[in-house]
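Undergrad: Just a sequence and a predicted model for now, questions to come.
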Amino acid sequence: MIERCASVQQDGWLSLRQALWPDCAREQHLSEMSLFCASPGRYAEFVAYASSGKAIGFIEAAVRTDYVNGTRFSPVVFLEGIYVVPEARQKGVARALVSAVERWALTVGCREFASDASVENQLSHTVHRALGFQETERVVFFRKSLA
């Protein structure tokens, strides 16, 4: 079963976020979750549950209207994060979560679904391809301090 998150109290959402982004403080997670829930036309978050009721995966997506590398249309739904607990992987949970976002994205006028992953994250590349994403380009970002 997959449920859309309507509040920061959504069962399992916080713990799954903490598993994906362990270096982020709990307060920061809660702040972001609150922001997302306050803008349901711009953000969508879903949690997947096992038949036992245990939260086993989540996905977060946002509508982006700025330029998104590799896309042709605007707005674009962008995959901000996805996580499935290890014991539930390779059982269709990620695919079901992506499908939930795709259905939502169509209702808010998106024609493309985009995502990114660091160049060295081969596992993420494999998962993206398995979920139907196509690689569009590779980019290395640069920075120069002006101070």
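TA: Thanks, I have it. Numbering: from 1, shown residues only.
Undergrad: okay, CA-based contacts and neighbour counts for the rest of this
TA: OK.
Undergrad: chain center to the biggest helix by length in the chain: distance?
TA: Of all segments of type helix in the chain, defined using DSSP state H, the longest is helix 93-107. Here helix 93-107 is found 10 Å from its chain centre; the criterion is CA atoms, centre = their mean, to the nearest Å.
Undergrad: Are there helices or strands packed against that helix, and which ones?
TA: strand 2-4, strand 43-49, strand 55-64, strand 76-84 (3 or more CA pairs under 8 Å, 6 or more residues apart in numbering; DSSP states H and E).
Undergrad: Beyond the shortest one, next helix or strand please.
TA: Spelled out, it's strand 2-4. helix 13-20 (DSSP states H and E).
Undergrad: ok, residues contacting the helix or strand following that following helix?
TA: With elements assigned by DSSP H and E, the helix or strand that comes after helix 13-20 is helix 26-38. Helix 26-38 is contacted from outside by 5-8, 14, 17-18, 42-45, using CA atoms under 8 Å, 6 or more residues apart in numbering.
Undergrad: could I get those as TSV with neighbour count?
TA: Output for the contacts of helix 26-38, formatted as TSV (neighbours: other CA atoms under 10 Å):
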residue	neighbour count
Cys5	21
Ala6	16
Ser7	15
Val8	18
Leu14	16
Arg17	22
Gln18	14
Arg42	15
Tyr43	22
Ala44	24
Glu45	27
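Undergrad: Pull out the buried positions in stretch 100-114.
TA: For stretch 100-114, the neighbour count (16 or more other CA atoms under 10 Å) marks 100-102, 104-105, 110-114 as buried.
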